[in-house]
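Undergrad: Whatever this is, show me its structure:
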Amino acid sequence: MNVTANAVRSGTQSRVQTIAYWTVTLLLAISITLSGIGQLMRLGGNDELVTDIGFPLYITNILGTWKLLGVLAIIAPGFPRLKEWAHAGIFFLMTGAAFSHALADDYGDYGFNLILPLFYAALNIASWALRPKNRKF
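TA: Predicted coordinates:
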């Protein structure tokens, strides 16, 4: 009976972890996708976000492309090594954005320019930590 209880508990825990992984990963994917599209189309103040801290405007094309490619790598089945690199890239992209805004004294309203990229970095870490074995390298 103890073996059965452990098997049920393990299956439930695995199911909960899978649901948590996909919830966090889809939230991350949607957020990063919308951000990448916004940068590529230069919507919603993306021009000012970059130029106000001294970056050239063409950087939005590079960042937007990287974001979309990273999301594709994380969501697509297979390619576990590519997923590792995509998670690392999103982490560096988001923490780099937060630090760039902080060093330029551009915190935004209520610290939004720091809080949002750090929130995305935290989602990224959670997605990476919760990933199932078939998505690990």
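Undergrad: Tell me how many other residues crowd residue 26.
TA: For residue 26, the count of nearby residues is 12 (other Cβ atoms under 10 Å). (Each C-beta comes from the backbone N, C-alpha and C, glycine too.)
Undergrad: Ramachandran angles for the spatially most central residue of the chain?
TA: Per Cα atoms, centre = their mean, the C-alpha nearest to the average position across the chain is that of residue 124, at 4.1 Å. Main-chain dihedrals, residue 124, degrees, to the nearest 10: phi -60, psi -40.
Undergrad: Tell me the spacing between the nearest residue to it once chain neighbours are set aside and residue 23.
TA: Nearest residue to residue 124 in three dimensions, chain neighbours excluded: residue 90, at 4.7 Å (Cβ to Cβ, 6 or more residues apart in numbering). To residue 23, residue 90 is 17 Å away according to Cβ to Cβ, to the nearest Å.
Undergrad: cool, and residue 89?
TA: 22 Å.
Undergrad: Same drill for the two, tell me which one is more crowded.
TA: Between residue 89 and residue 23, counted using other Cβ under 10 Å, the more crowded position is residue 89 (17 against 13).
Undergrad: Go ahead and confirm the more buried one touches residue 70.
TA: Yes: using Cβ atoms under 8 Å, residue 89 makes contact with residue 70 at a distance of 5.3 Å.
Undergrad: Mind pulling up the pLDDT for residue 55?
TA: With respect to pLDDT, residue 55 scores 96.
Undergrad: For it, give me its contacts.
TA: For residue 55, the contacting residues are residue 100, by Cβ atoms under 8 Å, 6 or more residues apart in numbering.
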